[in-house]
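Q: coords below, sequence missing:
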């Protein structure tokens, strides 16, 4: 038998469900979106609410609850009520007003936030202007994931914008490249990708807090707040005094809510100086020679997140001069480079890699960057551009440098045009750099030292073997300097496949990958794994990192 408290709860729940059902029916009849302000949206933005007085909002049975640039979202019980019509007409004189239908329970919930109005006055404009003093406090305080976890656990303000400020500030303090928010049945989880690896930061967001943060992110990213069952992509900017950090937002529906990934594009994190990327001196000689040529095709290959675009940006910066024209077609533009005309793919207006490439060829460029070659048409136009006096940079998804040639042929490129167009193919991966403050030297057995000596002796003649004579290996440890992770930053390992006349002659006859690899080795190619091992014995990275990115280094583990 139910006690009076349980009965009251059931009646209250049934009443709320009836109210929401009625609101849904009214929304359907008016052909206006429905929105539940209690369970699916962020507590309303105070700046948006204060465009009208509380008594006016209550009298008209509506509330402005989100403001982005000039777009004002208003929840109304019935926009056709005389008081609502009059107030909405006034708002439309100043704003682009968009209306959703909500229940009275939702409106009562939203009106309750007027009491926070004195504390929240910042306008929302697609740019988050984090207070520099507050940001510096976060950067000083948050040295490890554990400290950030405590900061979030102890946070008590009802203002979701401040929670998001801690999440964004913490990501900058820990130098994260991506922020992941994942809903669960009972709690939401926050994770950061730091140096390519995901780390759980906080896993105790209540369902309401999680939804509130997600809706705040959707607002800032200019996404549809009432759409929760479709993927959406957007962007916003963190405005700092010395730079703007762009945030790319991706939201997809999942079992327990919406999953969010935010990519942070910090100009200070971009290594655009060629020498900073991790080339060996002998590789750098080849790179400088190839990018100095007036025409030809240079490719970077590897999976998503392997540093390909950063490498191409470094090439653009090196070849740039006021005397030449450089145009790019990217998806998306990750960083803006001064003096270069950058364009972005937009399928909605049929601006694809292929159509964009055709268009920019009419702009008389000297150097072209194509974000990715993924279809026959783009492959053919790229090859033809390289044969007609243009230097073309692009990326391709293959596992190694050799694999780019059969991949191009699979895309429909003809060997007799591909061979003369190719200058250089680069495969790369990113490995984490050992923290110099805490890395620990490993004790190497005599067998291991002998195996490494034989490896060095077997390297091509172009590699300066004297550099590696006094080799050592190190393990990661973890300290305050690296936030306890044992690594700080990442560096690339490379594989260069320079296409000379002998290799071109081979491409004409459509060789297998095995034949190409044998020929490339004879011509002095150093594989990615070998480049990784060279960085291991210089103390730059660990053997575990090279194993993780290139596969197990059997000969070294078995020594």
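A: Okay, I see it. Computed from a predicted structure; not experimentally measured.

Q: Confirm for me that residue 179 is in contact with residue 166.
A: No. Look at residue 179 against residue 166 with Cβ atoms under 8 Å: they stay out of range, at 11.6 Å. All C-beta atoms are positioned from the backbone trio N, CA, C, and that covers glycine.

Q: The two - which one has more neighbours?
A: residue 179 (23 against 19; other Cβ atoms under 10 Å).

Q: List the contacts of the more buried one.
A: Neighbouring residues of residue 179 by Cβ atoms under 8 Å, 6 or more residues apart in numbering: 167-168, 171, 190-193, 260-262, 264.

Q: Could you give me the PyMOL syntax to select whichever of those residues are buried?
A: In PyMOL syntax, the buried subset of those is picked out as below (16 or more other Cβ atoms under 10 Å):
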select buried, resi 167+168+171+190+191+192+193+260+261+262+264
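
Q: For the contacts of residue 179, give me TSV that also has distance to residue 469, secondary structure and pLDDT.
A: Output for the contacts of residue 179, formatted as TSV (distance: Cβ to Cβ, whole Å; DSSP: H, G, I helix; E, B strand; the rest coil; pLDDT from 0 to 100):
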residue	distance to residue 469	secondary structure	pLDDT
167	48	helix	93
168	47	helix	91
171	42	helix	93
190	47	strand	97
191	42	strand	97
192	40	strand	97
193	37	strand	96
260	50	strand	97
261	45	strand	97
262	46	strand	96
264	41	strand	93
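
Q: ok, of the contacts of residue 179, which one's closest to residue 283?
A: residue 193 (27.5 Å; Cβ to Cβ).

Q: Relative to residue 532, how far out is the residue lying closest to residue 169 once chain neighbours are set aside?
A: Nearest residue to residue 169 in three dimensions, chain neighbours excluded: residue 138, at 3.7 Å (Cβ to Cβ, 6 or more residues apart in numbering). From residue 138 across to residue 532, the span is 35 Å (Cβ to Cβ, to the nearest Å).

Q: Kindly report the same for residue 421.
A: From residue 421 to residue 532 the distance is 30 Å (Cβ to Cβ).

Q: which one of those two has more residues nearby?
A: The residue with more neighbours, out of residue 421 and residue 532 and counting by other Cβ under 10 Å, is residue 532; that gives 26 against 22.

Q: Does the more buried one belong to a helix, a strand or coil?
A: Following DSSP: H, G, I helix; E, B strand; the rest coil, residue 532 is assigned to helix.

Q: Is it correct that it is in contact with residue 493?
A: Yes. Look at residue 532 against residue 493 with Cβ under 8 Å: they come within range, at 4.3 Å.

Q: for the stretch 1-150 of the chain, what spans make up the helices?
A: Per DSSP state H, counting those that start in this stretch, the stretch 1-150 of the chain has helices spanning 4-30, 46-49, 54-60, 82-92, 104-111, 132-141, 145-153. These are given in chain order.

Q: winner for burial among those helices?
A: helix 46-49 (a mean of 21; mean count of other Cβ atoms under 10 Å).

Q: average pLDDT across that one?
A: Averaged over helix 46-49, pLDDT sits at 73.

Q: Quick check: neighbours shared by residue 532 and residue 493?
A: Common contacts of residue 532 and residue 493 (Cβ under 8 Å, 6+ apart): 429, 431, 546, 549-550.

Q: Which members of those residues are positioned in strands?
A: Counting by DSSP state E, the part of these found in strands is 429, 431.

Q: Most neighbours of all the shared contacts of residue 532 and residue 493, which one?
A: Counting neighbours by other Cβ under 10 Å, residue 431 leads the shared contacts of residue 532 and residue 493 with 27 neighbours.

Q: From residue 451, how far off is that one?
A: 21 Å.

Q: What of residue 554?
A: 11 Å.

Q: Compare the two and say which one has the larger neighbour count.
A: Higher neighbour count among residue 554 and residue 451: residue 451, with 17 against 9, using other Cβ under 10 Å.

Q: Tell me which residues of stretch 387-395 come out buried.
A: 387, 390-395.

Q: Break down the stretch 251-400 of the chain into its helices, ranges please.
A: Going by DSSP H, counting those that start in this stretch, the stretch 251-400 of the chain shows helices at 281-291, 308-319, 353-361, 376-387.

Q: The last one - contacts with which helices or strands?
A: Secondary-structure packing of helix 376-387 (3 or more Cβ pairs under 8 Å, 6 or more residues apart in numbering; DSSP states H and E): strand 296-301, helix 353-361, strand 367-370, strand 391-396, helix 415-421.

Q: on that earlier part again, kindly reformat the helices of the stretch 1-150 of the chain as JSON lines containing distance to residue 224.
A: JSON lines is the format used below for those (distance: least, Cβ to Cβ, whole Å):
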{"stretch": "helix 4-30", "distance to residue 224": "15"}
{"stretch": "helix 46-49", "distance to residue 224": "16"}
{"stretch": "helix 54-60", "distance to residue 224": "23"}
{"stretch": "helix 82-92", "distance to residue 224": "20"}
{"stretch": "helix 104-111", "distance to residue 224": "18"}
{"stretch": "helix 132-141", "distance to residue 224": "30"}
{"stretch": "helix 145-153", "distance to residue 224": "27"}
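
Q: Worst mean pLDDT among those helices?
A: helix 46-49 (a mean of 73).

Q: Poorly predicted segments of the protein, please.
A: By pLDDT under 70, the weakly predicted segments of the chain are 1-9, 11-12, 39-47, 115-132, 156-159.

Q: Going by distance to residue 330, which of the contacts of residue 179 wins?
A: Proximity of these to residue 330 (Cβ to Cβ) peaks at residue 264, which lies at 17.7 Å.

Q: if I pick that closest one, what's in contact with it?
A: 171-172, 176-179, 245-247.

Q: Quick check: bridge partners of it?
A: residue 247 (DSSP bridges).

Q: Please report how far residue 396 lies from residue 308.
A: Residue 396 is 9 Å from residue 308, by Cβ to Cβ.

Q: Need the residues touching each of the two.
A: Counting by Cβ under 8 Å, 6+ apart, the shared contacts of residue 396 and residue 308 are 300-301.

Q: Quick check on those two: which one has the bigger neighbour count.
A: residue 308 (26 against 23).

Q: Go ahead and confirm that one touches residue 395.
A: Yes. If you go by Cβ under 8 Å, residue 308 and residue 395 touch, sitting 4.5 Å apart.

Q: Now the common contact residues for the two.
A: Listed as contacting both residue 308 and residue 395 by Cβ under 8 Å, 6+ apart are 300-302.

Q: hang on, the earlier thing: residue 353: which of the contacts of residue 179 is nearest?
A: residue 261 (23.3 Å).
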